[in-house]
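Undergrad: Sharing a model prediction with you, sequence too.
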Amino acid sequence: MTALTVRESFLRCMKFEPVDRVPNWELGYWGQTIDRWIEEGMPPEEADRGSFHGHAFFGIDNRPFLPVNFNPIPWFDSKVVEETDRYIIYTDGDGGTRKGLKEGTIRGTRMSMDQHLSAFVKRPEDLEIIKERLDPHAPGRTPDNLEEVVAAYRDLDDPLCAVPNAAFGFYSHMRRFMDTEGLSYAWYDWPDAIQDFADHLTDFCIETLRPWLALIKPDYFNFFEDFAGKGGPLISPPLFRKFLLPGYQRIIEFVRSQGIDVIWFDSDGYIDTLIPLILEAGVTCIWPLEVAAGEDPRVIRKQYGHDLALSGGIDKRELTKDKASIRRELEAKIPMIEDGGFIPTIDHAVPPDISYDNWLYYLELKSEMLGG
C-alpha cells in the first residue's frame, strides 16, 4: 500500500478500511505535568507545544480545527469578586461566578476544577438574554477576512475538524449558562423554555457554520458534551430523546449536506446507556472512552461492531506504573486497530503522576505497535 497522509489514514480508519498506520494522536497535558517533565529532562522550549493539536517533538500528528466562534457575543464582564493567597472568586465570560483554588496552579492549570457558585440563568427569562448573545449573525461572529482564514486550512495532509475542540454541544452549552444543578432541575421545571433554547442552539450552530462550510469541506464534525461521570450520564435517555436528539439530527443532516460524513461525540464518563441514542442521532465515533469510568473499547466494539468508530481507551492510570504495565495496556487495546475504526489515545489529559520516562516509553511503544 502506498503511504497515506494522516488525513487519508483518518478517513479510511473511520470507514473501517485498511490503513498503513492510524493517526498518532493524544490529548493535552496538565500544566503541572509539563513542569515535572522539564525537571526530568524535557527541553523547556517544548513546554508550550501541547500534544492535543500535534507535537512533532514527540511524534504526535497534527490535529487542526477550524476557528469557528460559538461563544457569547459580547462576553459577559469578567471581574474578581474576592481573592486571597489560597483562592479566587470571580465572574466569568458566561456570566457565572466561580471559586478557583490558586494553590498549585501551574501554567493556567488548577489542581482541581473550579467550584461553580452561581450561574447567570436563574429563571426562564434569563435564557432570552443568552439567546441574544448567541446570535449567528452578530458582528465579529464570522471574520471579515473569512476567505483568507479558510485558505490556511485548505489542502492539508491532516484531517480537519469543522469546529474547535470543546466548542459546541447541547448539554455543554446549556450547562455553561445554567450550571449542572440548575440544568438538572430545568428539564422538569422549565420544559418549554429548554425546548425553545435547544431549538435556538440548533439554528445557532447551523447558521454559524454555514459561511465556513460554503468555502471549505472539513473532514469531520465534533460535538462536545462531557455530560457523564463514573456513575453514568447526567441526563436520562428519555430527556436526551425529548430535548437533544432532534437538534443533533438536524445539525448532522446539515453537515452531511455539506459533505461531512464523520461525526464525533466527545464525553468523559460512562455514557453506555446513551450510545443507542447517540447512534440514532447519526454519530459515527465516540471518544475518549474513559477507562476509570468503566468504558472499554473492546466491550463497545463487541456490542456495536462497525456501527461505531472509537478513539481513546488507553488507561492513563497504567502510565503511572511500571513499563510492564504500560506494555500490557497497549497490548490489550492496540490490536483493535486491525479491525479498523479505532484510534488509540490515553483516555484524557496527561496528569502529573506520569513520569517523563514513562511518557517517552509509552509513545515509543505505541508508535512501534502502530507501525510508525
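TA: Everything's here; your move.

Undergrad: Can you identify the element that follows the top helix by length along the chain toward the C-terminus?
TA: Secondary structure of the chain per DSSP state H: the longest helix is helix 191-213. Downstream of helix 191-213, the first helix or strand assigned by DSSP states H and E is strand 220-224.

Undergrad: Need the contact partners of whichever helix or strand comes after that next one.
TA: Once the chain leaves strand 220-224, the next helix or strand it forms, by DSSP H and E, is strand 228-229. Strand 228-229 is touched from outside by 234, 267, 268, 269, 270, 271, 274, 293, with contacts defined as Cβ atoms under 8 Å, 6 or more residues apart in numbering. Quick note: C-beta positions are derived from backbone N, CA and C, even for glycine.

Undergrad: again, only this time at 7 Å
TA: 234, 267, 268, 269, 270, 271, 293 (Cβ atoms under 7 Å, 6 or more residues apart in numbering).

Undergrad: Pull out the buried residues from the helix or strand hosting residue 250.
TA: Secondary structure assignment for residue 250, by DSSP H and E: helix 245-257. Buried residues in helix 245-257, counted by 16 or more other Cβ atoms under 10 Å: 245, 246, 247, 248, 251, 252, 254, 255.

Undergrad: Return the list of helices and strands in contact with it.
TA: Other elements packing on helix 245-257 under the criterion 3 or more Cβ pairs under 7 Å, 6 or more residues apart in numbering; DSSP states H and E are helix 191-213, helix 275-281.

Undergrad: The ones you listed into TSV, with extra columns for mean pLDDT?
TA: Putting the helices and strands packed on helix 245-257 into TSV (pLDDT from 0 to 100) gives the following:
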stretch	mean pLDDT
helix 191-213	98
helix 275-281	98
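
Undergrad: could you dump those helices to CSV with distance to residue 364 and mean neighbour count?
TA: What follows is those, written out as CSV (distance: least, Cβ to Cβ, whole Å; neighbours: other Cβ atoms under 10 Å):
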stretch, distance to residue 364, mean neighbour count
helix 191-213, 38, 18
helix 275-281, 33, 17
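
Undergrad: For residue 160, find the nearest of these.
TA: Counting by Cβ to Cβ, residue 160 lies closest to helix 191-213 out of these; the figure is 10.9 Å.

Undergrad: For that closest one, which outside residues touch it?
TA: Counting by Cβ under 7 Å, 6+ apart, 66, 68, 70, 124, 127, 131, 134, 136, 141-142, 146, 150, 162, 168, 170, 173-174, 186-187, 243-244, 247, 250-251, 254, 258 sit against helix 191-213.

Undergrad: Just the residues you listed: which are in helices?
TA: Using DSSP H, the contacts of helix 191-213 in helices are 127, 131, 146, 150, 170, 173-174, 186-187, 247, 250-251, 254.

Undergrad: ok but residue 81 is inside a strand, no?
TA: Yes: assessed by DSSP: H, G, I helix; E, B strand; the rest coil, residue 81 belongs to a strand.

Undergrad: Tell me where the model's unsure across this structure.
TA: Low-confidence segments of the chain, defined by pLDDT under 70: 1-2, 372.

Undergrad: Now with 80, please.
TA: 1-2, 50-51, 372 (pLDDT under 80).

Undergrad: contacting residues around the residue lying closest to residue 163 once chain neighbours are set aside?
TA: Leaving aside its chain neighbours, residue 163 sits nearest to residue 68 (5.3 Å; criterion: Cβ to Cβ, 6 or more residues apart in numbering). The contact partners of residue 68, by Cβ under 7 Å, 6+ apart, come to 163, 164, 167, 208, 209, 212.

Undergrad: I'd like the distance between the fifth one and residue 70.
TA: Using Cβ to Cβ, to the nearest Å, one obtains 9 Å as the distance from residue 209 to residue 70.

Undergrad: repeat for the first one
TA: With distances taken as Cβ to Cβ, residue 163 is found 7 Å from residue 70.
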